[in-house]
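> The following block contains a protein sequence and its predicted model.
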Amino acid sequence: MRLKGCRLPPVRRAAHCADYASIRQQVDEIRRVGVNHFHFSLNWSAVVPTGDVAHPNTTLLDYYRCFTRQLLEANVRPVVTLWHHTRLRSSLPAPLETTNRWLNRKTPEAFADYARLCYRELGAHVKMWITLNEPNDETVSYLEGHQMLRAHALAWRAYHREFRHAQGGKVSTAMYSECILHYFDRTGMLFHQM
């Protein structure tokens, strides 16, 4: 990532997975545990800091690409979450963070664009995607939950229409299973999540 005020001689070669010294050690440790799947979350605000998917953090995407490829070479299937809900830090790109977060009507569309970027850049190695990980806790309002479900639906639809045929993966969401939330929609019908 370019830093203002820093000038370095131009790099004359493409990045290689060996450039990320920690990947091989991390993958070796994961392999030694004997698992066949490994779940980790991407950081939306780090992958697309400005919120503009036309200007992603290519260094971080290269890192994730190498990490997922190395996992596959170790016979471990990566399971990747696009956004992980935390109470303390939303990890939304700054423009969305400062404009009502999930209450902003543009956030689900921005999430779908971010999902497309991840599917395009990492889909060759990732066949199991989780759009939103446990977004349904007591801190999430009905309107935020609605927006998150819209974001999941848009990201799922984008994968189904644009990537599933070529990549053959699966897309889902993971709900917080220990907490049961009841919401009533405008018609009074009960919407039940587990």
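Cool, the structure landed.

> show me the biggest strand of the protein in terms of residues.
The single longest strand within the chain, with elements called by DSSP state E, is strand 77-84.

> Quick one: mean pLDDT for that strand?
Average pLDDT, strand 77-84: 92.

> Paired strands for that strand, with orientation please.
Strand pairing for strand 77-84, determined by DSSP bridges: strand 37-41 (parallel), strand 128-133 (parallel).

> Redo those strands as TSV? Include distance to R101.
For glycine as for every other residue, the C-beta is placed from the backbone atoms N, C-alpha and C. Output for the strands paired with strand 77-84, formatted as TSV (distance: least, Cβ to Cβ, whole Å):
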stretch	distance to R101
strand 37-41	18
strand 128-133	13
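
> Can you give me every residue that contacts the most centrally placed residue in the chain?
Nearest to the geometric centre of the chain sits L82, at 1.3 Å (Cα atoms, centre = their mean). The neighbours of L82, taking Cβ atoms under 8 Å, 6 or more residues apart in numbering as the test, are 41-42, 44, 111, 114-115, 118, 129-132, 155.

> just to revisit the earlier point, just checking the distance from the longest strand of the chain to the centre of its chain.
Put simply, strand 77-84 sits 6 Å off its chain's centre (Cα atoms, centre = their mean, to the nearest Å).

> Repeat that for stretch 64-78.
How far stretch 64-78 lies from its chain's middle: 16 Å, per Cα atoms, centre = their mean.

> Stretch 107-120 too?
That offset, for stretch 107-120, works out to 9 Å (Cα atoms, centre = their mean).

> What are the buried residues along it?
Across stretch 107-120, burial judged by 16 or more other Cβ atoms under 10 Å covers 107-108, 110-119.

> Contacts made by the longest helix anywhere in the chain with the rest, please.
If you go by DSSP state H, the chain has its longest helix at helix 142-162. With Cβ under 8 Å, 6+ apart as the test, helix 142-162 has contacts from 82-83, 101-105, 107-109, 111-112, 115-116, 119, 129, 131-132, 135-136, 140, 169, 171-173, 181, 183, 193.

> got the residue ranges for the strands in this structure?
Using DSSP E, strands in the chain cover 37-41, 77-84, 128-133, 170-174, 181-184, 190-193.
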